[in-house]
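Q: only geometry, no sequence info:
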């Protein structure tokens, strides 16, 4: 019995050692070459408030485990006309070139004035079903992730 427990502990340690410390499995995660994607999600209002043609935020944190910078130059989904980069209240950037520093990260997560990605021209009510989103990195490759759509309640008018 002790030998089985020790064997399991060794196998677990070996398998978890293949991933960097930042890797999380409790979110929709993916990896392509040295680029890791973590905490990928889309926030959407309740179904009755969703409208075709609208916009929805897409959040992701990108990690680079290589010694050279990596670039995210395109994001796409069949569920929206386009995906753009937003930096606070600045106009959207369609031709993105987002740099992830060597051994560094780029956070495109929710927060006042923080940069994020945005789905523009969403073609239907998404509900809560995950959708496929493709991220393209010229040197690392492309990866398609099933991204969860998380419900966000809107505040009641006072």
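A: On my side now, so go ahead. Quick caveat: nothing in here was measured; it's all calculated off a predicted structure.
Q: phi, psi for residue 47 please.
A: phi -50, psi -40 (degrees, to the nearest 10).
Q: mind listing what it touches?
A: Residues counted as contacts of residue 47 (C-beta atoms under 8 Å, 6 or more residues apart in numbering) are 125, 127. Every C-beta, even on glycine, is put in place using the N, C-alpha and C of the backbone.
Q: pLDDT wise, what is it at?
A: pLDDT recorded at residue 47 is 85.
Q: could you do the one 3 residues further on as well?
A: In this prediction, residue 50 carries a pLDDT score of 85.
Q: count the neighbours of it for me.
A: Close neighbours of residue 50, defined as other C-beta atoms under 10 Å, add up to 17.
Q: for the residue nearest to it when sequence neighbours are not counted, give its distance to residue 45.
A: Leaving aside its chain neighbours, residue 50 sits nearest to residue 125 (4.2 Å; criterion: C-beta to C-beta, 6 or more residues apart in numbering). Separation of residue 125 from residue 45 (C-beta to C-beta, to the nearest Å): 10 Å.
Q: can you check residue 71 too?
A: For residue 71, the distance to residue 45 - C-beta to C-beta - is 32 Å.
Q: what of residue 34?
A: 36 Å.
Q: of these two, who's got more company?
A: residue 34 (19 against 15).
Q: my guess is that one contacts residue 62, does it?
A: No - using C-beta atoms under 8 Å, residue 34 is not in contact with residue 62; the gap is 10.6 Å.
Q: residue 84 sits in which helix or strand?
A: Assessed by DSSP states H and E, residue 84 sits inside strand 80-87.
Q: I should have written residue 58 there, sorry.
A: strand 55-64.
Q: counting by contacts, list what that strand packs against.
A: Packing partners of strand 55-64 (3 or more C-beta pairs under 8 Å, 6 or more residues apart in numbering; DSSP states H and E): strand 35-44, strand 70-72, strand 80-87, strand 98-100, strand 105-108, strand 115-122.
Q: any stretches of the protein with poor pLDDT?
A: Counting by pLDDT under 70, the chain shows low-confidence ranges at 1-28, 154-158.
Q: need the contact list for residue 113.
A: Taking C-beta under 8 Å, 6+ apart as the test, what residue 113 contacts is 88-89.
Q: how far off centre is stretch 56-69?
A: Its chain's C-alpha centre and that of stretch 56-69 lie 8 Å apart, by C-alpha atoms, centre = their mean, to the nearest Å.
Q: which of the residues in that stretch are buried?
A: 56-65 (16 or more other C-beta atoms under 10 Å).
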